[in-house]
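> Need coordinates for the below:
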Amino acid sequence: MSDLTKFSALLTDWRSTKGPLYLRLSGAFQEAIHAGRLAPTEQLPAERALASLLSLSRSTVVAAYDELAAGGWVTRKRGSGTHVSAQAPRASAVLTLRTPVQRPLAPSDELDFTIAVPLLDDIQRQQMREAALDAYRESVYHPLGVPELRARLAQEYTRGGLPTAPEQVIVTSGAQQAISLMAGAFLRRGDAVLLETPTYFGAIDVFRAAGAKLIGVPVKGDGVPLQEFRTLTLEHAPRLAFLTPTYQNPTGAVMPARTRRELAEFIAQQQLPTIEDDTLCELDFGPPPPPRLSTFAPQAPIVNVGSMSKLFWAGLRVGWLRVPTSMRPLLEQAKTLADFGGSLPAQHITLKLLQDLPALRERRRQQVQPARDLLAGLLRQHLPEWQFQVPAGGQYLWVELPTRQASSFTHHAARYGLRLFPGASMGLGELPDSFLRLPFTLAPAQLPEAVRRLSAAWHDFQTRQGQERLA
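Modelled structure (predicted):
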């Protein structure tokens, strides 16, 4: 993460308190230092750079830094910049997460484009109520998941061309826990991990927390280039890889079948443990995508991760791992050590819902596809200079802005009641700060207002660029 990308994430909600701007900014830095998110002697951004990022005047940043220095939080020296004081009160070090978190006291009129959360309609709420009628019959531990649910998921993988026994399925508390289990099982501090760039921020955070060295493979229009993946694997000898071949998060790219076959064969040859993120593969809006990567090499060390969160509802915290037989002992142990089993009611509800998976898929398409088309049409009408490809599935637009200050724009847009996620935070290495990830999961009725605010914020942002800021 570049310095400014890190501070963009660190200061996401710095305006949410009250008082003069310089005191709000100073307070946000104090909180970050005290919480351990900024290390002793760590350098803060230069005054002009931070002012540009946050759409502030340089004098406001100078006043905030002076306030920090007066309180003993930082040291300032001409020529060497501003650094966190070694004597500043602090807790143990904590990562600055890329994963955006909803503020508990967010304004009621704020529109949030940071996390894609499927909305439940009245039909789905009724489905949940009916599925819950028999969801409380057990009071036992199932560390690896309710047996009937494991069998049902195995059946679905087999139908999709990947023969799977129930014993190869491990139920988790969402896809994020599944990724964390893989990291804990296969990584030690200093190990290399190969990821797409850009990629899912939750995976980046998990692997950073494990102390891994993150190696990025740039995503193209049809996914990860095979030759670059091979070259980086042979050069860095990674202990784990993370891939989303189908409706890649955030670009929406789909890897062709031929590339999947060759990539799966290479993974099998190298015996490289690989996570295949399947969480979006059910969300297609046209012809079905190619078979899963793992189907081309069933004995390769490829672990599939699935979830109900994107298909049905984020509040139903049920995910799973489809595990090759050779990897079962290690991952079964990892799951049992993590907990004695997920929520039994949630698993029984999931089991009932999966009895008609085609209907679930179709219902989700009916919700998401019109929202995708509406958002794309509104952006083309009101922000024609923003560039994007309409994806064939998934739930995001990967939008390129005509600027290298997209992170700064996200802070500016907060003044208009918009929460945005800078694409640079989803990148590894030198991803240009020109992208936004815009999910099309907001209620369709909110999208016209959301784009109106985007357009107003963007045109104001452009006007302010190159001018003296008076904030």
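> Put the alpha carbons of stretch 222-242 into PDB.
Extracted as PDB, the C-alpha positions of stretch 222-242 are listed here (Å, rounded to 0.1, in the frame of the first residue of the first chain):
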ATOM      1  CA  ASP A 222      -9.600 -11.800 -19.500                       C
ATOM      2  CA  GLY A 223      -8.100 -12.200 -16.000                       C
ATOM      3  CA  VAL A 224      -4.600 -13.200 -14.900                       C
ATOM      4  CA  PRO A 225      -2.100 -13.600 -17.700                       C
ATOM      5  CA  LEU A 226      -0.800 -17.200 -17.500                       C
ATOM      6  CA  GLN A 227       2.800 -16.400 -18.400                       C
ATOM      7  CA  GLU A 228       3.100 -13.700 -15.700                       C
ATOM      8  CA  PHE A 229       1.600 -16.100 -13.100                       C
ATOM      9  CA  ARG A 230       4.100 -18.700 -14.100                       C
ATOM     10  CA  THR A 231       7.100 -16.300 -14.000                       C
ATOM     11  CA  LEU A 232       6.200 -14.900 -10.600                       C
ATOM     12  CA  THR A 233       5.600 -18.300  -9.200                       C
ATOM     13  CA  LEU A 234       9.000 -19.600 -10.300                       C
ATOM     14  CA  GLU A 235      10.700 -16.400  -9.100                       C
ATOM     15  CA  HIS A 236       9.100 -16.000  -5.700                       C
ATOM     16  CA  ALA A 237       8.100 -19.600  -4.700                       C
ATOM     17  CA  PRO A 238       4.800 -18.500  -3.100                       C
ATOM     18  CA  ARG A 239       3.300 -20.700  -0.400                       C
ATOM     19  CA  LEU A 240      -0.300 -19.700  -1.400                       C
ATOM     20  CA  ALA A 241      -2.100 -18.100  -4.300                       C
ATOM     21  CA  PHE A 242      -5.500 -16.400  -4.400                       C
END
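> outside of that stretch, which residues touch it?
179, 182-183, 186-188, 191-196, 199-200, 203, 207, 212-213, 215, 217-218, 243, 245, 248, 253-256, 259, 262-263, 266-267, 270, 272-275, 277 (C-beta atoms under 8 Å, 6 or more residues apart in numbering). (C-beta placed from N, C-alpha, C; glycine too.)
> are any of the residues you listed buried, and which?
179, 182-183, 186-187, 191-196, 199-200, 203, 207, 212-213, 215, 217, 243, 245, 248, 253-255, 259, 262-263, 266-267, 270, 272-275, 277 (16 or more other C-beta atoms under 10 Å).
> so where's the protein shaky on pLDDT?
Counting by pLDDT under 70, the chain contains low-confidence ranges at 1-2, 91-93, 101-106, 466-471.
> now for the longest helix that it contains, which elements pack on it?
Using DSSP state H to define each element, the chain has its longest helix at helix 357-382. Here helix 357-382 touches strand 396-400, helix 447-464, going by 3 or more C-beta pairs under 8 Å, 6 or more residues apart in numbering; DSSP states H and E.
> same thing but at 6 Å, please
Using 3 or more C-beta pairs under 6 Å, 6 or more residues apart in numbering; DSSP states H and E, the elements in contact with helix 357-382 are helix 447-464.
> could I have the helix it packs on exported to PDB, CA atoms only?
Extracted in PDB, the C-alpha atoms of helix 447-464 (Å, rounded to 0.1, in the frame of the first residue of the first chain):
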ATOM      1  CA  LEU A 447     -29.200   5.200  -7.700                       C
ATOM      2  CA  PRO A 448     -30.400   8.400  -9.400                       C
ATOM      3  CA  GLU A 449     -29.700  10.400  -6.300                       C
ATOM      4  CA  ALA A 450     -26.400   8.600  -5.800                       C
ATOM      5  CA  VAL A 451     -25.200   9.500  -9.400                       C
ATOM      6  CA  ARG A 452     -26.500  13.100  -9.000                       C
ATOM      7  CA  ARG A 453     -24.300  13.400  -5.900                       C
ATOM      8  CA  LEU A 454     -21.400  11.800  -7.700                       C
ATOM      9  CA  SER A 455     -21.700  14.200 -10.600                       C
ATOM     10  CA  ALA A 456     -21.900  17.200  -8.300                       C
ATOM     11  CA  ALA A 457     -19.000  16.100  -6.200                       C
ATOM     12  CA  TRP A 458     -16.900  15.300  -9.300                       C
ATOM     13  CA  HIS A 459     -17.500  18.700 -11.000                       C
ATOM     14  CA  ASP A 460     -16.800  20.500  -7.800                       C
ATOM     15  CA  PHE A 461     -13.600  18.400  -7.300                       C
ATOM     16  CA  GLN A 462     -12.400  19.300 -10.800                       C
ATOM     17  CA  THR A 463     -13.000  23.000 -10.200                       C
ATOM     18  CA  ARG A 464     -11.000  22.900  -7.000                       C
END
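> No further questions, thank you.
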